[in-house]
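**Q** Just need the structure, nothing else, for what follows:
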Amino acid sequence: MNRFLPVYLAAAVIAIAAPVATAQSAYDVCLQGYEGLIPYSGQTTAEMRASATAFLNTLTSAQKTTCNLAVDSNAWQQWTNLPGERSEGLKIVNMSEASMRAAHVMFQSSLSTAGYKKATGAMLAENYVSGGSTGSYWVTVYGNPATDTKWGYQLEGHHYTANVIVVDDQMTITPSFFGIEPVRFTLTHTTGTTEAVRPYSGIIDTSHTLVQSIGSSAVLSSTYQQFTSTVGGTYNTQSLPYIGVPGSAMTTAQKATFMGLITEYLGSMPDAYANAQLAEVQASLDTTYFAWKGGTTNADTQNWYFRIHGPDIFVEAFNDTGIGGSGSFNHFHSVMRDPNNDYGVVFPVPEPSAALAVLGSLAVVARRNRRQGRGRRTGSETVKGTSAP
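**A** Modelled structure (predicted):
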């Protein structure tokens, strides 16, 4: 299973040299997508299927060999945020311009406007750190979007991964990885105007508003265990104890802020699909926990960590010093998982691979237990593990 050292985020706005020429084409296409200059039809599962099929149709036979894999391929689980080459998938910088544009249409059809901004913002930021490249992201389509009941695609790279799974008229994007370095940068638009960009401001600022409102009861003691160092694969978050403050202990205003923070993650999906999952989280919000470690007063000058953990969502986020020459507190990593439905395992689908089947059986039992009023854990403030930031 792939692993990475957890890192984090934030700092003053920085303006850095123009993107390197070797990734210029990928950068330009991504920038045009960020600016809303690549049109797409809509965000239904039918339009997701159509855009994925159109993307595949732009590829050569050789490209399809690595880019289009079986829906039950274990390669789907082998993603990582670590920089470096991938053995599966087609690297964006190696695509034709037509394929790049078709890929961005596919992304837009399956991500909300806010979700697509997060994705393209993270990809554009890669060109503003040492050794980074907007084109160093890989796209893999699993299954046949034109004919298969279940299919999906993976957009994977150093600071962003989305696992988009579609089954009939249902879809999800978990597990997903949200990261960026630098967190803040000055973007030059195609018109020549500049913009101070901070793609994850909603997550960062809302989490700080919440911990500042709740106070010390959400702050963990000196040790905790972090799990975003395990990416890819299938991780049974249901085995973890709850830590921090449950929604039942929050005021009405704090609960609204808590749901706002969760919406920053699930809201990466188109509204119709996000709202269905948000309704599940809202129903179990009293038993969904929020925990914090590190500084609480200034997102841009401190290390910090937070966790959201409930029956229907699991999130971890870290903020720390940049490692790509972007400066202190300018590096953010976060992972979102669905404790019940990572990779769409509880959607009615064809027989999954063995690893996915195990996770799916756990999810079915957990959901049954919750419906029967069992399977919920009591919270505790700390768990033994690695040192806090």
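
**Q** Any idea how many residues pack against the nearest residue to A26 once chain neighbours are set aside?
**A** Setting aside the residues directly before and after it, A26 is nearest to G135 in space (C-beta to C-beta, 6 or more residues apart in numbering), at 3.2 Å. Placement of C-beta: from N, CA and C, glycine included. G135 is flanked by 25 other residues according to other C-beta atoms under 10 Å.

**Q** does G135 sit in a helix or strand, and which one?
**A** G135 belongs to no helix or strand when assigned by DSSP states H and E.

**Q** and the nearest residue to D28 once chain neighbours are set aside, which of the three is it?
**A** Spatial nearest neighbour of D28, excluding adjacent residues (C-beta to C-beta, 6+ apart): T190 at 7.8 Å. What DSSP: H, G, I helix; E, B strand; the rest coil gives for T190 is coil.

**Q** Report how many residues lie close to T190.
**A** There are 11 residues near T190, going by other C-beta under 10 Å.

**Q** Next one: it from V93, what distance?
**A** According to C-beta to C-beta, to the nearest Å, T190 and V93 sit 19 Å apart.

**Q** ditto for Y289
**A** 41 Å.

**Q** Quick one: neighbours of V345, just the number.
**A** The tally of other residues near V345 (other C-beta under 10 Å) stands at 23.

**Q** gap between it and D338?
**A** 9 Å.

**Q** Using PDB, write out every CA atom in stretch 337-345.
**A** The C-alpha coordinates for stretch 337-345 follow below in PDB (Å, rounded to 0.1, in the frame of the first residue of the first chain):
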ATOM      1  CA  ARG A 337     -13.100   8.700   2.700                       C
ATOM      2  CA  ASP A 338     -16.600   7.200   3.000                       C
ATOM      3  CA  PRO A 339     -16.600   4.700   5.800                       C
ATOM      4  CA  ASN A 340     -19.300   2.700   4.000                       C
ATOM      5  CA  ASN A 341     -18.800   3.300   0.300                       C
ATOM      6  CA  ASP A 342     -15.200   4.000  -0.800                       C
ATOM      7  CA  TYR A 343     -14.900   3.100  -4.500                       C
ATOM      8  CA  GLY A 344     -18.700   2.700  -4.600                       C
ATOM      9  CA  VAL A 345     -18.600  -0.700  -3.000                       C
END
